[in-house]
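> Structure, please.
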Amino acid sequence: GYRPQIVTGKSQPGDVVLKLGKNKTKTENYTVEVGKTVELSADARQGLYYATRTFLQLTEKSKEIPCGRVTDRPSYALRGFMIDCGRKFFPMSYLKKLVRVMSYYKMNTLQVHLNDNGFKQFFDQDWDKTYAAFRLESDKFPGLAAPDGHYTKDEFRAFQLFADSLGVEIIPEIDVPAHSLAFTQYKPSIGSQKYGMDHLDLFKPETYEFVDALFREYLEGRNPVFTGKRVHIGTDEYSNKKQDVVEKFRAFTDHYIRFVEGFGKQACVWGALTHAKGETPVKSENVLMSAWYNGYADPKEMIKQGYDLISIPDGYLYIVPAAGYYYDYLNTEMLYKEWTPAHVGKEVFPEKHKQIKGGMFAVWNDHAGNGISTKDIHYRVFPAMQTLAVKMW
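Numbers count the residues shown, from 1 in each chain. Predicted coordinates for the structure are as follows:
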């Protein structure tokens, strides 16, 4: 209940002093020094913000803070979480609260998975009945945004700017060409009759016209809907039964990496290029790959090809609430004792490998409509957030 007075000028004993340097390269490093004053200092704004979080955490432990000096820095640059909003809608009010929690624990990246669908075996084996949703307002395609919950363009812009003010980067994800039933229910002609309507038909020019237009809507202009530096294009779990399909998938992936880059963004992809092994080149330079399952993307090979990795191994870090597979709650004790982002599945790399940029955990709401609430999700996320924050700092 105490509101401190904010002043400038010479400090007095008992003051909390904030000092900001001018070196913009070490953006998250900071120092806390406790003596006659509490001095919080950093080279850049983000580090200084984290110093205030640490000071608040110290005051929660005790009303007395021991004298001394703390110098603090992250072990990994990218420390994050991925939330599946496609199969379960989360109100914007919750996403903002989630960002506040993340920033308190120095987690700096939230990937928002904007479209997905349920499994047709739970919907009478009928693609038309299977739940699917895209969660972002579209003027280009009226009616595409899910009627049971979506974000307006202005709402999503404001959310990204709010998160950025707390040092959390939002990575928006539009998942194509699989997991794409929301798009094929809207425009059935671009769905694959052969591999399932959750697959886009990669052999039809109109598929590319639709997806180009969709991405362009959020990327173009002076005030784009996607305000940050990265955009995730999905590219996961497409059929690899025939080699001509694999080559088309690889060409599709390369096309949208370059498409996103054309708007000044870094492209992010799910790891799938071992599963989709072929001859068609896929750009790797400055591309960030989510390494989730080594059978889909061998991390050693992906690093050799030049990809930077986010370590998000499913066997450690996937929460699928009330599904009976992966984890309902992460094994936080095991993660605390054994895991770092250098552990990608069974592959263990040197700590702080220059191509492993950091790690994430994920919530996948595979069983759409199973009664799991937003509070249920947060109850699962919170201990995992605390644990991974420690393991990546």
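
> State the phi and psi torsions of residue 174.
Backbone torsions of residue 174, given as degrees, to the nearest 10, read phi -110, psi 110.

> where's it relative to residue 268, distance?
In this view, residue 174 and residue 268 are 11 Å apart by CB to CB, to the nearest Å. Using the backbone N, CA and C atoms, a C-beta is placed for each residue, glycine as well.

> what is in contact with those two at once?
231-233 (CB atoms under 8 Å, 6 or more residues apart in numbering).

> ok so, going back, between residue 174 and residue 268, which is the more surrounded one?
residue 174 (26 against 23; other CB atoms under 10 Å).

> Just the ones in strands from the shared contacts of residue 174 and residue 268, please.
231-233 (DSSP state E).

> how about the helices of the stretch 151-300 of the chain, start to end?
Using DSSP state H, counting those that start in this stretch, the helices of the stretch 151-300 of the chain run over 153-165, 181-186, 205-219, 243-261, 299-305.

> Looking at the ones you listed, spot the one closest to residue 140.
Among these, the nearest to residue 140 by CB to CB is helix 205-219 (4.8 Å).

> That closest one: which residues count as buried?
207-208, 210-211, 214-215, 217-219 (16 or more other CB atoms under 10 Å).

> Which strands and helices lie in contact with that helix?
For helix 205-219, the packing partners by 3 or more CB pairs under 8 Å, 6 or more residues apart in numbering; DSSP states H and E come out as strand 169-176, helix 181-186, strand 230-234, helix 243-261.

> what does that helix contact?
Here helix 205-219 makes contact (CB under 8 Å, 6+ apart) with 136, 138-141, 153, 172, 174, 176-177, 183, 187, 189-190, 200-201, 224-226, 231, 233, 252, 255-256, 259-260, 263, 265.

> picking that back up, switch the buried residues of helix 205-219 over to TSV; also include distance to residue 196.
Shown next, in TSV, are the buried residues of helix 205-219 (distance: CB to CB, whole Å):
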residue	distance to residue 196
207	14
208	19
210	18
211	17
214	20
215	23
217	26
218	26
219	28
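
> now, which of those sits nearest residue 52?
residue 218 (32.9 Å).

> Do you know the pLDDT at that closest one?
With respect to pLDDT, residue 218 scores 98.

> which residue sits closest to residue 284 in space, ignoring its chain neighbours?
residue 306 (3.7 Å; CB to CB, 6 or more residues apart in numbering).

> Tell me which residues touch the one you found, please.
Contact partners of residue 306, counting by CB under 8 Å, 6+ apart, are 284-285, 287.

> 10 Å - rerun?
Residues counted as contacts of residue 306 (CB atoms under 10 Å, 6 or more residues apart in numbering) are 283-287, 355.

> ok, now residue 249?
Going by CB under 10 Å, 6+ apart, the list of residues near residue 249 reads 177-178, 199-200, 202, 235, 238-240, 272-273, 275-276, 278, 280, 282.

> Quick check: closest non-adjacent residue to residue 310.
That would be residue 290: by CB to CB, 6+ apart, it lies 4.8 Å from residue 310.

> and that neighbour, what pLDDT?
On pLDDT, residue 290 comes in at 98.

> Give me the number of neighbouring residues for it.
Neighbours of residue 290 under the rule other CB under 10 Å: 25.

> Look up how far residue 386 lies from it.
Taken as CB to CB, the span from residue 290 to residue 386 is 22 Å.

> And residue 362, by the same measure?
From residue 362 to residue 386 the distance is 16 Å (CB to CB).

> Those two: which is more packed in?
Remark: of residue 362 and residue 386, residue 362 carries more neighbours, 22 against 15, as counted by other CB under 10 Å.

> tell me the angle whichever strand or helix holds that one makes with strand 169-176.
Here residue 362 sits within strand 356-363, counting by DSSP states H and E. Interaxial angle of strand 356-363 relative to strand 169-176 (axes from the mean of the first three to the mean of the last three CA atoms, to 10 degrees): 70 degrees.

> just checking, what packs against the very next helix or strand once past strand 356-363?
Counting by DSSP H and E, the next helix or strand C-terminal to strand 356-363 is helix 374-392. In terms of contacts (3 or more CB pairs under 10 Å, 6 or more residues apart in numbering; DSSP states H and E), helix 374-392 is packed against strand 78-84, helix 92-104, helix 314-317, strand 318-319, helix 332-338, strand 356-363.

> Between those, which one is closest to residue 167.
With CB to CB as the yardstick, what comes closest out of the helices and strands packed on helix 374-392 is helix 92-104 (5.6 Å).

> For the next helix or strand after that closest one, which strands pair with it and how are they oriented?
Sequence-wise, the next helix or strand downstream of helix 92-104 (DSSP H and E) is strand 109-113. Next to strand 109-113 in the sheet, as set by DSSP bridges, lie strand 78-84 (parallel), strand 169-176 (parallel).

> As TSV, these with mean pLDDT and distance to residue 194 would be great.
Shown next, in TSV, are the strands paired with strand 109-113 (pLDDT from 0 to 100; distance: least, CB to CB, whole Å):
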stretch	mean pLDDT	distance to residue 194
strand 78-84	98	26
strand 169-176	98	17
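
> and those strands as a markdown table, adding distance to residue 345?
Formatted as a markdown table, the strands paired with strand 109-113 follow (distance: least, CB to CB, whole Å):
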| stretch | distance to residue 345 |
| --- | --- |
| strand 78-84 | 17 |
| strand 169-176 | 21 |
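
> of all these, which lies closest to residue 332?
Of the strands paired with strand 109-113, nearest to residue 332 by CB to CB is strand 78-84, at 14.0 Å.

> just how off-centre is stretch 274-294 within its chain?
Centre-to-centre, stretch 274-294 and its host chain are 18 Å apart (CA atoms, centre = their mean, to the nearest Å).

> Only the buried residues of it, if you could.
Those buried within stretch 274-294 under the rule 16+ other CB under 10 Å are 274-276, 278, 282-284, 287-294.
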